[in-house]
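Undergrad: Got a predicted model here, sequence first, then my questions.
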Amino acid sequence: MELSGVIYLAISLLLIYSCYTDVKNRIISNRVSLSVMALSLVLMLIHREWTVLIIAVIVLVVGFFISIIGIIGAGDVKLACALLPGLTWSEGVDFLLLTGFVGIPVSLFTLLYLKVKGGDKKTSVPYGLAIAGGYGLQFLLR
């Protein structure tokens, strides 16, 4: 297995862990996001694809403001931004679109679960699942 394959495997394991912590505690660890970012930067160096950093900066800036008003969590924004440098420009756009599409059933399931369980109306959606799903689908649909 070549280096990029090992890195993708490590990122996948980190995403599985982030999904677990996001569902259980609604937290995506900064350590996970930093680890994913480091691995993605190595992929960026391997693929010599620098333009995707533009998308990452846009997502970071827009995501920062959206997290301030409480629409999405800061951990979700950091994880999405951490994944982007390891992708090409077109893969980055596909990843963001697929994350949005995966986010629809994740959000609906969470709302349905809350309605059945009768939980707190302030409960958040574990959007780390959608981010990991969008990342995984992006590779399956290549």
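TA: In hand now; what should we look at?
Undergrad: I'd guessed residue 55 sits against residue 96; true?
TA: Yes: between residue 55 and residue 96 a contact is recorded at 7.4 Å, counting by Cβ atoms under 8 Å. Where you see a C-beta, it was placed from the backbone N, CA and C, and this is true even at glycine.
Undergrad: Not counting residues beside it along the chain, what's closest to residue 3?
TA: Excluding its sequence neighbours, the residue lying closest to residue 3 (Cβ to Cβ, 6 or more residues apart in numbering) is residue 46, at 6.7 Å.
Undergrad: Contacts only, for that neighbour.
TA: Contact analysis of residue 46 by Cβ atoms under 8 Å, 6 or more residues apart in numbering lists 3, 4, 7.
Undergrad: Just after the helix or strand encompassing it, pick out the following helix or strand.
TA: Here residue 46 is covered by helix 30-47, with elements defined by DSSP states H and E. Moving toward the C-terminus from helix 30-47, the next helix or strand (DSSP H and E) is helix 52-68.
Undergrad: What segments of this protein are strands?
TA: For the chain, no strands turn up when DSSP state E is the criterion.
Undergrad: For residue 62, give its distance to residue 73.
TA: 14 Å (Cβ to Cβ, to the nearest Å).
Undergrad: Which of these two has more residues huddled nearby?
TA: Shown here are residue 62 and residue 73; by other Cβ atoms under 10 Å, residue 73 has more neighbours (21 against 12).
Undergrad: My read is that the more buried one contacts residue 124, right?
TA: Yes: contact criterion Cβ under 8 Å: residue 73 and residue 124 qualify, at 6.5 Å.
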